[in-house]
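> Any chance you could fold what I've pasted below:
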Amino acid sequence: MNRIDFGCLARKLTTVKEAVIMGDGGVSANITLPATGDPRLDKAIYQWISWDKNPQTRAQMEALLREGCVEDLRTRLCSRLSFGTSGLRAAMGAGFALINDLTIIQSTQGMYKYCAISFPDLHSRGLVVGYDTRGQVASGCSSERFARLTAAVMLGKGIPVYLFSTYVPTPFVPYAVKKLRAASGVMITASHNPKEDNGYKVYWENGAQIASPHDKEILRCIEESSEPWSESWNDWLVESSPLRHDPMEEICSFYMEELKSVCFHRELNTKTRLKFVHSSFHGVGHKFVQQAFQVFGFLPPIPVPEQKDPDPEFPTVSCPNPEEGEPVLELSLRLAEKEGARIVIATDPDADRLAVAEQYNNFQWKVFTGNELAALLGWWMLFNWKERHTNQADTQRVCMLATTVSSKILKAFARMEGFHFEETLPGFKWIGKKVDELRKAGKEVLFAFEESIGFMCGSIVPDKDGVSAAVVLAEMAAYLDNQNLTLTQQLANIYEIYGSHISTTSYVICHDPPTVKRIFTRLRNFDGENTYPRFCGGYSITHIRDVTTGYDSSQPDKKCVLPATKSSQMLTFTLQNGIVATLRTSGTEPKIKYYTEFCAMPGKSDMCSLDVELHKVTNALVEEFLEPDKNNLIRRSKRRQ
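Numbers count the residues shown, from 1 in each chain. I've put the predicted structure just below:
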């Protein structure tokens, strides 16, 4: 067998050590590996070439070695994936910092070790595994492939695995974990991220995404189990092991049956004159949304034909994120005009989020923001609950939840209606954790949301769910139409009763981590060491909450009520005029997000003056706090909420 000397090919590198490797990742012949002068990188190169059995990602790494791409090698190999707001997420490709066969195996080995410690009955309870339709030809990576490897690692250790036989919406995994009483679950998805990305989302036995301390302990176990076990590559176990079960038919049936718990007016649905258009954004949502509409008594929504079927290339959209609004909903809106449909609904590629648009005034469209949809859905869930519960004492056990960067509209509902409201840190993993705590305390969570179009209607799934949210929204629209009201008109009614809530949310893109660190360090040392800004847009800042450090000036002990999160950045400023402004880093993308909201009291809805003041503060937030580093930032336009 021929000996390959990469040292001769990489002119910038010199030979350091030899490995004994076959082309398929097995042991065969000497391959001289190049040295970089960085012992840590040298070790990582050696490990990768020794461990990776995927020929396409091995070829990627070998090409980088031949070309002497030291910095690229260091970026790919000298850091590891870490849990963000939605699990492990990164681009697909070769390297320990990316998503690929090897890092999926390493992650699952860590999962096995931690689950074995946490669940004495793991061998009887097992693990749920689902996947979406993402894939990348160049790296040989796909969600289905990653799901099979995840299953193989567990099956190799004698753990039962409920591996779905085909793609599913993300909410099906937490639903299955609870329904099957599994120890945990894994969903392979990058949701609405660019097509190059994929992810590994972990759920615990309560159906909620993992949060601290589970995430940190799993990462520790991954580090301790980085070398693939001999059986971990045996994905043929998926076909041959008696411990592999397909929960597809059972879970879909149970889920659709339980959807009836949030269907309040089926008879009216069967008679509605409304038409709906649905886009699944080249993802998994089409057939599941169709089934949900049938359960509620609706005619099926009209699918956008170009976006109905799964396609990992997402060919008709610049980005597969319906939150971006009208530009990415263009095909849906034009089809709705052609078909005479007044409502457009769109689920993101893994169907856990929902976007909605409504037609008004001769083919003009209003695309609702996440905060506006939450006002409507929260009102609807409360309205129907009140129709069935006349005892005021029952209201005390009802709860609604929102992330702290989302609109305070549910807080306004709670203040007037008397139910319990709580805020959580950004990310539905924190909402899921709080839902479990409240359930154990005898509370009923009617509704929860995050402003990035993630909604939980009822308690079917302790996570955001675009399938259930889509059909609940459709029923609300049908009910309102029967009352000669549109969604837009009802939103105005809600604001009249509970007070207008206007907000903006947007982001800047920053691919340079040192710039991000510099921005937030400057804000914590604005007028000297350990001093925060005192003004924004000419308005005095009355309170500052720094969740990263655990500081909150509004609390008597100056400590945050929300848990401190040192791994991410988040600063919130409360201004003298009542506007609340937050800057935070995204847990899934290279973004600094910013949020501002003005909450008016009922009956004081001078929207024009509120909007002017909010616009002034939002611009100042960016110009005064972010734009000193504008050369490394790509700014996106604001979205009014």
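> Report the buried residues of stretch 482-500.
486-488, 490-491, 494-495, 498-500 (16 or more other CB atoms under 10 Å). C-beta coordinates here come from the backbone N, C-alpha and C atoms, glycine included.
> neighbours of the closest residue to R518 other than its chain neighbours, just the number please.
Excluding the flanking residues, the one nearest R518 by CB to CB, 6 or more residues apart in numbering is D629, at 6.4 Å. Residues near D629, counting by other CB atoms under 10 Å, number 18.
> could you list every residue that touches F413?
Listed by CB atoms under 8 Å, 6 or more residues apart in numbering, the contact set of F413 reads 378-379, 382, 400, 419, 421, 498.
> Just confirm S500 contacts M607, I think it does.
Yes: counting by CB atoms under 8 Å, S500 touches M607, with 6.1 Å between them.
> in the stretch 151-300 of the chain, which spans are strands?
161-163, 184-188, 197-203, 244-245, 276-279 (DSSP state E, counting those that start in this stretch).
> closest one to W229 among the ones you listed?
Nearest of the strands of the stretch 151-300 of the chain to W229, taken as CB to CB: strand 161-163 at 15.7 Å.
> what sits up against that closest one?
126-130, 147-148, 151, 154-155, 176, 180, 182, 238, 241, 243-247.
> Within its sheet, name the partner strands of that strand and how each one runs.
Strand 161-163 has the following strand partners under DSSP bridges: strand 127-131 (parallel), strand 244-245 (parallel).
> angle of the first one against strand 184-188?
Strand 127-131 and strand 184-188 are oriented at 10 degrees to each other (axes from the mean of the first three to the mean of the last three CA atoms, to 10 degrees).
> In which helix or strand does T548 reside?
Using DSSP states H and E, no element contains T548; it sits outside every helix and strand.
> what does the model give it for pLDDT?
Per-residue confidence (pLDDT) for T548: 94.
> Where does pLDDT dip in the stretch 101-250 of the chain?
Along the stretch 101-250 of the chain, segments meeting pLDDT under 70 are nowhere present.
> Going along the chain, name the helices of it.
101-118, 122-125, 143-156, 172-180, 214-224, 237-240, 248-258 (DSSP state H, counting those that start in this stretch).
> okay, those in JSON lines with distance to L562 and mean neighbour count next?
Compiled in JSON lines, those are given as follows (distance: least, CB to CB, whole Å; neighbours: other CB atoms under 10 Å):
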{"stretch": "helix 101-118", "distance to L562": "25", "mean neighbour count": "23"}
{"stretch": "helix 122-125", "distance to L562": "32", "mean neighbour count": "16"}
{"stretch": "helix 143-156", "distance to L562": "32", "mean neighbour count": "25"}
{"stretch": "helix 172-180", "distance to L562": "23", "mean neighbour count": "26"}
{"stretch": "helix 214-224", "distance to L562": "17", "mean neighbour count": "17"}
{"stretch": "helix 237-240", "distance to L562": "41", "mean neighbour count": "14"}
{"stretch": "helix 248-258", "distance to L562": "31", "mean neighbour count": "16"}
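> For K287, find the nearest of those helices.
The nearest among those, by CB to CB, is helix 248-258 at 9.4 Å.
> Nearest residue to the most centrally placed residue in the chain in space, please, no chain neighbours.
With distances taken as CA atoms, centre = their mean, S86 lies nearest the centre of the chain, 4.7 Å away. Among residues not flanking S86 along the chain, T588 sits closest, at 5.3 Å (CB to CB, 6+ apart).
> Got phi/psi on that neighbour?
The phi/psi pair for T588 (degrees, to the nearest 10) reads phi -130, psi -10.
> Contacts only, for it.
Applying CB under 8 Å, 6+ apart, one finds that T588 lies in contact with 84-86, 89, 190-191, 193, 199.
> What of H282?
Counting by CB under 8 Å, 6+ apart, H282 touches 133, 307, 309-317, 320, 349.
> Quick one: residues contacting the residue nearest to R518.
510, 515, 518-519.
> Between all of those, which two are separated the most?
Greatest spatial distance among the contacts of D629 (CB to CB): C510 and R518, at 10.2 Å.
> and A138, how many neighbours?
The tally of other residues near A138 (other CB under 10 Å) stands at 12.
> Which residue is the nearest non-sequential neighbour of it?
Q56 (6.8 Å).
> Could you tell me the angle between the helix or strand that neighbour falls within and helix 101-118?
Here Q56 sits within helix 55-66, counting by DSSP H and E. With the same axes, to 10 degrees defining the directions, helix 55-66 sits at 120 degrees from helix 101-118.
> Which pLDDT value goes with T505?
Listed pLDDT for T505 reads 88.
> Tell me the bridge partners for it.
Counting by DSSP bridges, T505 is bridged to Y595, R639.
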